[in-house]
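Engineer: Here is a sequence with its predicted model. Questions after.
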Amino acid sequence: MQGSAIEINALTKDFGSVRAVDTLSFTVEPGVVTGFLGPNGAGKTTTLRMLLGLVAPDSGTATIGGHAYADIERPAATVGAALEAASFHPGRTALDHLRVHAPLVGVSDRRCREVLGHVGLGAASDRRVGGFSLGMRQRLGLATTLLGDPGVLVLDEPANGLDPEGIVWLRGFLRHLAHDEGRTVLVSSHVLGEVQATVDNVVVIAGGRLVHESPLADLVAMAANKVKVVTPDVEGFVRLVRARGWAHETVSGGLMVTGPGPAEVGAAAHGDGLEIHGLSGEGMGLEEVFLKLTDPRRGEVAA
């Protein structure tokens, strides 16, 4: 089912003297997986709860396809959401768990079996949930959100507690839902590493405010190249990097150059006849970029 855009516009929410969400605005488009990122306490869950009509905003709007959640005629057929770890009766089978939800969503027993197959639990449909692994429970929770065949999926920390195999499966499944089926997929996480191989776009918040919104590729580009140069001719290298406008600092045994990659530094050194004993890339990783964006005490990152 084709998804609809999620639009957050100047959304604000206070809990007493604490401002949980502060004039937050961003858009989530269909056909891509969008990561909603921020440290614990950044306001992610509060934002999602306002989107789903569970918390009233103090100001601003949160809409799906131009409509507030409360105004959507058949919400389960439009939005599938999982905002916390799903609760399962351990004595029920996977199929019976979905059968409990089916009348509320307005779907048949056949649909219950169908979504179990989609999430890889078809062979386990008659097994009791009490014997499921955490990864199987996460799959069953996702099957529950898919019962109404919604075009929009809103998932809060879906990879939390999954083993590596489960995370790989989740990544492929979410990308299939977005890229192949055109659904809108919004995935929150406080750990960039959990979602960086999954998402296409990123929305990063801290302290309830937007600090970054872009395709993931733009966030990757913010990770600056750093090259450690080991050389007996430090003065000659200082002249080289100054001439090219590269940032640098002196370190033990040589220089740390910021901007170019090792190949570019090596070529420049060869062109100037400078002796080098070693080059090693030591670029800033995505996690460091994420920490700098979400913690102003760590300094600014140029967008």
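Structural biologist: Thanks, I have it.

Engineer: Show me this structure divided up by domain.
Structural biologist: Using automatic domain parsing, the domain ranges for the chain come out as 6-216, 226-283.

Engineer: between the ones you listed, which gets nearest to residue 291?
Structural biologist: In terms of CB to CB, the element of the domains of the chain nearest to residue 291 is domain 6-216, at 8.6 Å. Quick note: C-beta positions are derived from backbone N, CA and C, even for glycine.

Engineer: Could you list the low-pLDDT ranges of the chain?
Structural biologist: For the chain, residues meeting the criterion pLDDT under 70 lie at 1, 85-86, 224, 283-284, 296-303.

Engineer: Show me where it has its helices.
Structural biologist: 44-51, 94-105, 109-118, 134-145, 164-175, 192-195, 216-221, 234-244, 262-271, 286-294 (DSSP state H).

Engineer: Go through those helices and pick out the most buried.
Structural biologist: Most buried of these, by mean neighbour count (mean count of other CB atoms under 10 Å): helix 44-51, with a mean of 23.

Engineer: C-alpha coordinates for that helix, PDB please?
Structural biologist: Written as PDB, here are the backbone C-alpha positions of helix 44-51 (Å, rounded to 0.1, in the frame of the first residue of the first chain):
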ATOM      1  CA  LYS A  44      11.400  11.300  20.200                       C
ATOM      2  CA  THR A  45       8.700   9.200  21.900                       C
ATOM      3  CA  THR A  46       6.800  12.300  23.000                       C
ATOM      4  CA  THR A  47       6.800  13.400  19.300                       C
ATOM      5  CA  LEU A  48       5.600  10.000  18.100                       C
ATOM      6  CA  ARG A  49       2.800   9.900  20.800                       C
ATOM      7  CA  MET A  50       1.600  13.300  19.600                       C
ATOM      8  CA  LEU A  51       1.600  12.100  16.000                       C
END
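
Engineer: And it, how far out from the chain middle?
Structural biologist: Helix 44-51 has its average C-alpha position 15 Å from the chain's average C-alpha position, going by CA atoms, centre = their mean, to the nearest Å.

Engineer: on that earlier part again, which one, of the helices of the chain, ends up nearest to residue 126?
Structural biologist: Of all these, helix 94-105 comes closest under CB to CB, at 6.3 Å.

Engineer: okay, the angle between that closest one and helix 134-145?
Structural biologist: Using axes from the mean of the first three to the mean of the last three CA atoms, to 10 degrees, the inter-axis angle of helix 94-105 relative to helix 134-145 is 30 degrees.

Engineer: Need the residues that contact helix 94-105.
Structural biologist: Under the contact criterion CB atoms under 8 Å, 6 or more residues apart in numbering, helix 94-105 has outside partners 76-77, 88-89, 92, 108-109, 111-113, 115-116, 121, 124-127, 129, 132, 140, 143-144, 147-148.

Engineer: ok, back up a step: would CSV of the domains of the chain with distance to residue 294 be doable?
Structural biologist: Shown next, in CSV, are those (distance: least, CB to CB, whole Å):
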stretch, distance to residue 294
domain 6-216, 4
domain 226-283, 19
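
Engineer: Packed most tightly, which of those domains would that be?
Structural biologist: That would be domain 6-216, which, of the domains of the chain, has the most neighbours on average (mean count of other CB under 10 Å), namely a mean of 18.

Engineer: mind checking the end-to-end distance for that domain?
Structural biologist: Terminal residues of domain 6-216 are spaced 18 Å apart (CA to CA, to the nearest Å).
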